[in-house]
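[1] Structure here, sequence nowhere to be found:
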């Protein structure tokens, strides 16, 4: 079953972290149509958060058309997002892990790596849209 994790230092609200993890799970093929998400109470207990926070994330996913509750059964994935092809994922994942090793060897910590990646993504998007 799908497991959630929280980054308490990220500054991103807990419910949005959960929403993002489900979206990422769909993109990478960890989740598929018909898969059941863990029960709200189970996620809340595992993450030590208020069940209302988890319920809010599930409602957001439902509004996005990615999950649907089934009375008495739980919450199930009903939508899909174009997945990254497995071979592409494997190749790029190896490349990224190598880059991460290089970044850590250069003395960058997790937060610095995240900032660098976000800046590079923003630069790339600006260049692609002509907003540079």
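    That came through fine. Here the structure is a predicted model, which means the values were calculated and not measured.

[2] Name the nearest residue to residue 62, ignoring sequence neighbours.
    residue 68 (6.2 Å; Cβ to Cβ, 6 or more residues apart in numbering). C-beta coordinates here come from the backbone N, C-alpha and C atoms, glycine included.

[3] How many residues are close by the one you found?
    By other Cβ atoms under 10 Å, 13 other residues sit near residue 68.

[4] Kindly report the same for the one 4 residues further on.
    Burial measure for residue 72: 5 neighbouring residues, criterion other Cβ under 10 Å.

[5] May I have the secondary structure class of it?
    Look at residue 72: counting by DSSP: H, G, I helix; E, B strand; the rest coil, its state is coil.

[6] Distance of residue 53 relative to residue 101?
    Separation of residue 53 from residue 101 (Cβ to Cβ, to the nearest Å): 35 Å.

[7] Settle it for me: which of those two has more neighbours?
    Counted by other Cβ under 10 Å, residue 53 and residue 101 do not tie: residue 53 has more neighbours, with 18 against 10.

[8] which residues touch the residue lying closest to residue 55 once chain neighbours are set aside?
    Of all residues not flanking residue 55 in the chain, residue 40 sits nearest, at 5.2 Å (Cβ to Cβ, 6+ apart). Residues in contact with residue 40 (Cβ atoms under 8 Å, 6 or more residues apart in numbering) are 51, 54, 55, 58, 75.

[9] Would you map the strands across this structure?
    36-37, 67-70, 74-77 (DSSP state E).

[10] Present these as CSV; the columns should include mean pLDDT and distance to residue 124.
    Converted to CSV, the strands of the chain look like this (pLDDT from 0 to 100; distance: least, Cβ to Cβ, whole Å):
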stretch, mean pLDDT, distance to residue 124
strand 36-37, 96, 32
strand 67-70, 96, 30
strand 74-77, 96, 29
